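Chemist: I need the structure of the sequence given here:
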Amino acid sequence: MPDQFFARAFEELPTRADLAGLSGLEFMRAILEGRLSGPPIGALMTYRLHEVEPGRVAFRGAPEFGHVNPMGGVHGGWYGTLLDSCMACAVMTMLPKGRIYTTLEYKVNITRALPVGMEIEALGVVSHAGRTTGVAEGTIRGVEDGKLYATGSTTCLIMAAPEG
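Modeler: Numbers count the residues shown, from 1 in each chain. Predicted coordinates for the structure are as follows:
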């Protein structure tokens, strides 16, 4: 089953034309509205795009048993993946047509343990979007309890979208 999922998902990924032909905000909204496929990692890590605004992106999801470390806690990589996604996608919303980004670095601070199965919102907010770099901050909060579970920051490289 996983091999079939990934093969299908790869075929459904946005094309280079999709990347080059839309602004970052249009691209992210197309994913939110289901006109373009979301990233396969979202299914693997059990999160989905929830909100898209200029300079602001939110994902929602809940960690599952498969996301825990040997000590039974949610693996730090789960927090990091969610924060990288929301922060970098927030940068994407600020890009004009023909530009894309890649994460240069990100930092994560886990403030408390997240229970398996608890729905969270990972919110990324842009603080700078220039010609060649974008900077954003992120938070992970419980949807029900509103508590802060992690924070993060990122720097992204902004570049021309590949042609063809």
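Chemist: I'd like the next helix or strand past the helix or strand of the chain with the lowest mean pLDDT.
Modeler: Lowest mean confidence among the helices and strands of the chain (mean pLDDT, DSSP states H and E): helix 2-12, at a mean of 51. Remark: after helix 2-12, the chain's next helix or strand is helix 16-21, criterion DSSP states H and E.
Chemist: Go through that following helix and flag the buried ones.
Modeler: 18-20 (16 or more other C-beta atoms under 10 Å). (Each C-beta comes from the backbone N, C-alpha and C, glycine too.)
Chemist: Now do the next helix or strand after it: which elements does it pack against?
Modeler: Next helix or strand after helix 16-21 toward the C-terminus (DSSP H and E): helix 24-32. Secondary-structure packing of helix 24-32 (3 or more C-beta pairs under 8 Å, 6 or more residues apart in numbering; DSSP states H and E): helix 16-21, strand 47-53, helix 76-92, strand 99-110.
Chemist: From the contact counts, what lies against the longest one?
Modeler: By that I understand helix 76-92. helix 24-32, helix 40-45, strand 47-53, strand 56-61, strand 99-110, strand 120-129, strand 133-142, strand 148-160.
Chemist: wait, isn't Met87 in contact with Thr154?
Modeler: Yes - if you go by C-beta atoms under 8 Å, Met87 and Thr154 touch, sitting 4.2 Å apart.
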